[in-house]
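Colleague: What shape does this take:
(chains A and B, ligands or ions: 2)
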Amino acid sequence: MTTTLTAPVATRRRVLPRGFAHGGLLLVLVAIVVFAGLRTDSFLSTNNLLNVLRQVSVVAVIAAGLTLLMTAGGMDFSMGGNVAVTTAVAAQMFAHGQSIWLTIVAAILLATVIGLVNGVVVTFTGVAPFVATLATATLLDGVALLVINGLSVSIDDQLSPLGIGKTFGLPHLLIVAIVVLAVIAFVMRYTTFGRDAFAIGGNEDVARLSGINVSRDKLLLYGLAGALSGLAGIMLLARLGASSPGTGGLQLQLTAVAAVVIGGTSLAGGKGTVLGTVLGVLLLGVVANVLNLLQINSYYQQISVGAVLLIAAIANLLQRRRH
Amino acid sequence: MTAPGTEVVRARGISKSFGGAVALRDVSLDLIPGEVHALMGMNGAGKSTLVRILSGAQNADDGVLEIGGTAAGPMTARKARKLGIATVPQRRELVMTLTVAENIMLGDLPTRTSLVRWNLIGKLARQALRDLGIDVDVNALAGDLTVAEQTMVEVAREVRRGGRVLILDEPTACLGAEAAAQIHALVRRLCESGVAVVFISHHISEVLALADRITVLRDGRVVWSGLAKETDETDLVRSMVGRDVVSTRPSRKSDKSVTGLKIESLADGRFIENLTVEVRKGEVVAVLGPAGDAQSRLFDLLSGRRRPERGHLEVAGKRIPFGKVARSLDSGLRCVTGDRRRLGLIPELTVDENLMLARDRLDRRRLHRRDRLARRAAPLRDDYRVVTLSPNPPVGLLSGGNQQKVLLAKWLGTEPVACLLEDPTNGVDIAAMADIHTLVDALATNGVAVLLASSDADEVMRLADRVVVVRDGRAIAEYDIDRITRDELVAVALGGAIS
Ligand SMILES: Nc1ncnc2c1ncn2[C@@H]1O[C@H](COP(=O)(O)OP(=O)(O)OP(=O)(O)O)[C@@H](O)[C@H]1O
Ligand SMILES: [Mg+2]
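Modeller: Ligands and ions are numbered 1, 2, ... in the order given. Predicted coordinates for the structure are as follows:
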């Protein structure tokens, strides 16, 4: 009898495509793309689409790290600040004639150390991740301004292969983002480290009692978030060609958090998918682009972005509840 | 309006399914004021689903509900409460970060000009607890209480709110004899005052002693319903399980000379005073005490969650430092909690994932594939007879008993050298209980040193070779199990004469 009971459930599972859990979000995204395609001539041009993807690459890299971290019940609000510091330091190193590779390695190392410091504070003092990293975020934004002395520091075209280069028509920034997303998705799905993240986010006590080295995993997760911030910083510097006051920082951070949360990753931990995050990042990128193309007044732009966020979050939730 | 003897709740043709899985089909139930109506059935039979429908927590797909003689229509939790249906669900629903007093008064905080009256809250809550003879500090945080205390607090809350129907879903599952007796007395008192009580329990003797009427569910159907005095243990077991269940002590003749687990002079505040227990390989030693007493603290101390004030721990002759989970695990010591929701399982993760949570980490497995995971977990599912309606649901959706089996399988599938089992059959049905008892027997036969922390004298009689009785944190007696009868053991555990 049990077999007849399970049969319909099992077949239904198999028929559904993988991304179904994000159906609501996908729907909103498709609706906006269709709308944009109808209302503007330029939106669906290859050039514009590639441009959107190039622009969201930086957020995607940050959001990827954040997805894994938040799934483990962590939070890093300082990734945007970390990006700001990394771009500032890298820009200054270029300005002082350091070589490209040394600069990149040093910047990412620095970012990793910053992430680890967050990790140490969160893991060993028990300060809530939100509070600890919000504090470091503010601190890092200040440090970034200090490093560039409040002025714009140009790097000329030293990183332009990364910033505007393409291979097979794909922007290099996009390729980097795709690789990062793929690696994080793989880690979350197929490695014990990734599964540990789900366990820790689900119930830290149970995870620890089950033999998971929770402290080590947390340090690694915050370190990884830092390293990816560093990478994102280099990418942003390559795209902009300069580090200026306000590069990176809280605005970037909030976009990444919004993308991750829209994508269905739980703020409380224990749940999260890279696919959801990708959809969240794309949604935000596309909305910003469409509003620009439609030449909508920037106040209305902000209002529209907020509205879309809300709709996407609700669509996601309704869809999940029905499931 | 309801005359005595007529139903206060009439449920007819209730059906409910989750996805493709049927949890209840065409169930009818009558509740009569002044009667204790027991629901019995195996894990997953649908008992909790039925009472969740009565209390408005879930909606039936089909069927009608009449309350006080009138059709109730679609129920909500609010409406049920207004109609006088109070429920203590199987899963404890206290707000763990609030105090006991606030929990008891929740949703009903006394105010004066919309300001909360704190001292009145404390007074009313204390009164509610005192009425039931419960000794719990109203200023303690709910999360700091033992499971037994949490149960009592929740019962007190529902009783205080009053109503004509009180639903208790396995209130005694994790209580010792003493606390359970308190609940029984309370149920009888409420019945006398005309309340209709729904009582869910897996303990047959308890149900036969307490209930006026019994309804047995199997696979979501009512298979028997009638007066308690018209049935007996064998018949009940047969209608619940569909066959007879026998669970007898095997005789263990293994050589019990090697020490597997040794606890020496353990002391931790007022909870444990100078406890020394030695368990040899192949032996089952029980520490029996009232729920929440010394035996309930062993899990925290042995698993490495907490460092005691004093004491030594040895596993297979090797000293194990306290306070380090990894060292405890490396030594081959496995601690199975009695609080599976808080310390045992991760509800959002799937059954397979939970089953392999510890084993994969102990194996230092790095990569992980879902289909392989299912294959690795399959033997455990079979051995422990974990029943799920869909192939691999989140463990939080399983019935309580099946969750317990997952928890045991998770730990005992990791080749333990010694293990601590805290109330291992908490909430499981009699068939599963027999299965689990057989599994524990097998552990001992395979040379594992088993320490059983229990508040259930029957379970101790069934499983243990030796028993240490604790009270108020101190060991008060120790017996070989064949030197004492069950009744003597209960008498000692309840504070009777020590012979
Ligand atoms: N929300 C849900 N989603 C899917 N399945 C569910 C859900 N709630 C219950 N079930 C399934 O319905 C069946 C009946 O569950 P229920 O909790 O009523 O059992 P029970 O008789 O109370 O068992 P136990 O004695 O173990 O508490 C189980 O197989 C359970 O897995
Ligand atoms: Mg139940």
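
Colleague: next one: stretch B:452-472 to chain centre, how far?
Modeller: Here the centre of stretch B:452-472 is set off from its chain's centre by 16 Å, with C-alpha atoms, centre = their mean, to the nearest Å.

Colleague: helix/strand/coil for the residue in chain B that ligand 2 sits nearest to?
Modeller: Proximity to ligand 2, evaluated over chain B using C-beta to the ion, is greatest for B:S48 at 3.1 Å. C-betas here are computed from N, CA, C, even on glycine. Here B:S48 is helix, with the state taken from DSSP: H, G, I helix; E, B strand; the rest coil.

Colleague: which residues does it contact?
Modeller: B:P89, B:Q90, B:D169, B:I200, B:S399, B:G400 (C-beta atoms under 8 Å, 6 or more residues apart in numbering or on different chains).

Colleague: Up against ligand 1, what does chain B have?
Modeller: B:18, B:23, B:41, B:43-49, B:90, B:389, B:397-401, B:429 (C-beta under 6 Å from any ligand atom).

Colleague: Could you list every helix and strand in contact with the helix or strand harbouring A:F193?
Modeller: According to DSSP states H and E, A:F193 maps onto helix A:192-202. Judged by 3 or more C-beta pairs under 8 Å, 6 or more residues apart in numbering or on different chains; DSSP states H and E, helix A:192-202 is in contact with helix A:46-71, helix A:172-190, helix A:204-209, helix A:214-240, helix B:351-362.

Colleague: And the nearest residue to B:P416 once chain neighbours are set aside, what's its pLDDT?
Modeller: Closest residue in space to B:P416, ignoring its immediate chain neighbours: B:R334 at 4.0 Å, by C-beta to C-beta, 6 or more residues apart in numbering or on different chains. pLDDT recorded at B:R334 is 92.

Colleague: Hmm, B:A418 and B:R334 touching each other?
Modeller: Yes - counting by C-beta atoms under 8 Å, B:R334 touches B:A418, with 7.5 Å between them.

Colleague: Shouldn't B:S28 be within a helix?
Modeller: No - B:S28 sits outside any helix when classified using three-state DSSP, being strand.

Colleague: dump the residue contacts of it.
Modeller: B:S28 touches B:R10, B:A11, B:R12, B:G13, B:I14, B:V222, counting by C-beta under 8 Å, 6+ apart.

Colleague: make it 10 Å
Modeller: B:R10, B:A11, B:R12, B:G13, B:I14, B:G63, B:V64, B:T215, B:V222, B:S225 (C-beta atoms under 10 Å, 6 or more residues apart in numbering or on different chains).

Colleague: Roughly how far does the closest residue to the second one other than its chain neighbours sit from A:Q251?
Modeller: Excluding its sequence neighbours, the residue lying closest to B:A11 (C-beta to C-beta, 6+ apart) is B:L29, at 4.4 Å. Taking C-beta to C-beta, to the nearest Å as the criterion, B:L29 is separated from A:Q251 by 59 Å.

Colleague: The two: which is more packed in?
Modeller: When B:L29 and A:Q251 are compared for neighbours, B:L29 comes out ahead with 23 against 11, by other C-beta atoms under 10 Å in any protein chain shown.

Colleague: helix, strand or coil for the residue nearest to B:I430 when sequence neighbours are not counted?
Modeller: Spatial nearest neighbour of B:I430, excluding adjacent residues (C-beta to C-beta, 6+ apart): B:V245 at 5.5 Å. Following three-state DSSP, the label given to B:V245 is coil.

Colleague: List the contacts of B:V245.
Modeller: B:T234, B:V237, B:R238, B:D429, B:I430, B:A431, B:A432, B:M433, B:A434, B:D435.

Colleague: ChimeraX command for the buried members of those?
Modeller: In ChimeraX syntax, the buried subset of the contacts of B:V245 is picked out as below (16 or more other C-beta atoms under 10 Å in any protein chain shown):
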select /B:237,238,429,430,431,432,433,434,435
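
Colleague: Among the contacts of B:V245, which one lies nearest to ligand 1?
Modeller: B:D429 (5.8 Å; C-beta to the nearest ligand atom).

Colleague: what about the residue of chain B closest to ligand 2, distance to A:I234?
Modeller: Where A:I234 is concerned, B:S48 sits at a distance of 55 Å (C-beta to C-beta).

Colleague: now do B:R213
Modeller: 73 Å.

Colleague: which of the two has more neighbours?
Modeller: A:I234 (25 against 18).

Colleague: so that one touches A:T87, yeah?
Modeller: Yes - between A:I234 and A:T87 there is a contact at 7.7 Å, judged by C-beta atoms under 10 Å.

Colleague: follow-up on the earlier one: residues touching the residue nearest to B:A11, list them.
Modeller: By C-beta under 10 Å, 6+ apart, the neighbours of B:L29 are B:7, B:9-12, B:14, B:37, B:39, B:50-51, B:53-54, B:65, B:198, B:213, B:215, B:217, B:222, B:225.

Colleague: and B:L333, how many neighbours does it have?
Modeller: For B:L333, the count of nearby residues is 25 (other C-beta under 10 Å).

Colleague: Bridged to it, which residues?
Modeller: B:A418 (DSSP bridges).

Colleague: May I have the predicted confidence score for the residue of chain B closest to ligand 2?
Modeller: 93.

Colleague: do the same with the one 3 residues further on
Modeller: Predicted confidence (pLDDT) at B:V51: the value is 94.

Colleague: Following element in sequence after the helix or strand bottoming out on mean pLDDT in chain A, please.
Modeller: Taking mean pLDDT, DSSP states H and E as the measure, the helix or strand of chain A with the lowest value is helix A:2-15, at a mean of 35. Using DSSP H and E, the helix or strand that follows helix A:2-15 towards the C-terminus is helix A:23-39.

Colleague: I'd like the contacts of B:V245 laid out as CSV, including pLDDT, secondary structure and distance to ligand 2.
Modeller: Output for the contacts of B:V245, formatted as CSV (pLDDT from 0 to 100; DSSP: H, G, I helix; E, B strand; the rest coil; distance: C-beta to the ion, whole Å):
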residue, pLDDT, secondary structure, distance to ligand 2
B:T234, 88, helix, 24
B:V237, 90, helix, 18
B:R238, 90, helix, 21
B:D429, 85, coil, 10
B:I430, 86, helix, 14
B:A431, 85, helix, 15
B:A432, 84, helix, 13
B:M433, 87, helix, 15
B:A434, 88, helix, 19
B:D435, 86, helix, 18
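
Colleague: where does the residue located most distally from the centre of chain B fall, phi/psi-wise?
Modeller: The outermost residue of chain B relative to its centre, with distances by C-alpha atoms, centre = their mean, is B:T113 at 41.9 Å. When quoted as degrees, to the nearest 10, the phi and psi of B:T113 stand at phi 40, psi 50.

Colleague: The most centrally placed residue in chain A and A:G73, how far apart?
Modeller: Centroid check for chain A by C-alpha atoms, centre = their mean gives A:A63 as the closest residue, at 1.2 Å. Applying C-beta to C-beta, the value for A:A63 to A:G73 is 17 Å.

Colleague: part of a strand, is B:D108?
Modeller: No - counting by three-state DSSP, B:D108 is located in no strand; its state is coil.

Colleague: what's the nearest residue to residue 228 if we skip its chain neighbours?
Modeller: Because you didn't say which chain, this covers chain A. That would be A:G65: by C-beta to C-beta, 6+ apart, it lies 3.7 Å from A:L228.

Colleague: The intended chain is chain B.
Modeller: Counting by C-beta to C-beta, 6+ apart, the residue nearest B:A228 is B:A211, at 4.5 Å.
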